[in-house]
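Have a look at this prediction, sequence included:
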Amino acid sequence: MTAVGTVRRRLFGIPSAKAVFSRPGFAPEAWERFAPVACSLMEGYHAALEDPRLSVLAARLEAVEDPLKGFAFEGAGMGLAALDAVTPWRRRLDAFVAGPGAPHIYPVYVGVGLAYARLGRTPESQLARLDPLLGWVTADGYGFHQAFFKRRRHVEQHAVPTRLTAYGRRFFDQGVGRALWFSSGAMVDRVARLIAGFPSDRHADLWSGVGLASAYGGGADEAALRSVLTHAAAYRPQLARGAATAAWGRLKAGNQAAHTDLGCEVFCGRSGSDAAAVVEQAAHDLPVISVEPAYEIWRRRTEDRLMA
């Protein structure tokens, strides 16, 4: 670690992943089931702070075992976005996304959204410098952060973020749904009870986050995933899209996982590779100019094809 990296780690580092999971409202099972996920994300975040040079950072991230590698890249995205905020002329994130982070762009952008939340920036104000299609994913990371670290306001009081557009709030809610899955330790009844407390017009996006988190991060066996499907039967298209998106992201990065295949089999009725292919095909020929965001067209196409 360089001397500058030591200072950055001391200023911006997070002392303990376990302490985060010990916050009020978190289920005891959360740390038991997701400690490797949290530690991998933390490893990526601190790696970026300690030495953001691409060759050094990429080597550290690639050393993480495959099922957890995406979380390490997510942490790196968070760290690089934080560094760019301090020294905006460096644009480390751009170089990372164009280089070693390219196959992992989805989790990297989730991490960028985490950084925006910590920095007090709104994701939509930064869209112009991000990938025109996937930039919206930062609002998911933003929502995850708020539900994870400001739980009372955003989970118990169901606060609506006023600094996001109506469309941005949909991604925010997807991030909240992911946070509910991890903070509840994949305890399905608990997740369902929390979602039921939100206004009904937010349920579809919350459940899409559960589908994404449960397929990408695991934590549940087949019986538990089928229980998710029972609780959220009306939102199966969103669950399926979430799981398929997880499979698509893992396929692009080459870090497939058995629990992602299981999520796709339960929610999509097909293998992870087949579900990922649906997501990829749905992205073909998206309009360059449209009143409706291209990402929304992609999401709706994916749901329609998964349910066909």
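The structure has been received and is ready for your questions. Being a predicted model, the structure only gives us computed values, none of them experimental.

T245 contacts V278, doesn't it?
No: checked against Cβ atoms under 8 Å, the pair T245 and V278 is beyond contact range at 10.0 Å. Bear in mind the C-beta positions are built from the backbone N, C-alpha and C, glycine included.

any shared contact partners between the two?
Counting by Cβ atoms under 8 Å, 6 or more residues apart in numbering, the contacts common to T245 and V278 are T302.

now the strands for this structure?
For the chain, applying DSSP state E gives no strands.

what residue lies at the spatial centre of it?
In the chain, the C-alpha nearest the mean C-alpha coordinate belongs to V110, at 4.8 Å (Cα atoms, centre = their mean).

Which residue, other than its chain neighbours, is closest to it?
Spatial nearest neighbour of V110, excluding adjacent residues (Cβ to Cβ, 6 or more residues apart in numbering): G141 at 4.0 Å.

mind listing what that neighbour touches?
74, 78, 109-117, 123, 175.

run the last query once more with 6 Å
110, 113-114 (Cβ atoms under 6 Å, 6 or more residues apart in numbering).

could I get the residues you listed as TSV with pLDDT?
Formatted as TSV, the contacts of G141 follow (pLDDT from 0 to 100):
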residue	pLDDT
V110	98
G113	97
L114	97
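
Which of these sits closest to A63?
Of all the contacts of G141, V110 has the smallest distance to A63: 20.7 Å, by Cβ to Cβ.

Roughly how far does that closest one sit from H145?
For V110, the distance to H145 (Cβ to Cβ, to the nearest Å) stands at 10 Å.

same thing with E50?
22 Å.

Of the two, which one has the most company?
Set side by side, E50 and H145 show more neighbours around H145, with 24 against 19, by other Cβ atoms under 10 Å.

Nearest residue to the more buried one in space, ignoring adjacent ones along the chain?
The shortest distance from H145 to any non-neighbouring residue, by Cβ to Cβ, 6+ apart, is to A117 (3.6 Å).

K69 now?
Setting aside the residues directly before and after it, K69 is nearest to N255 in space (Cβ to Cβ, 6+ apart), at 4.9 Å.

Low-confidence bits of the stretch 101-250 of the chain, can you list those?
Applying pLDDT under 70 to the stretch 101-250 of the chain flags no residue at all.
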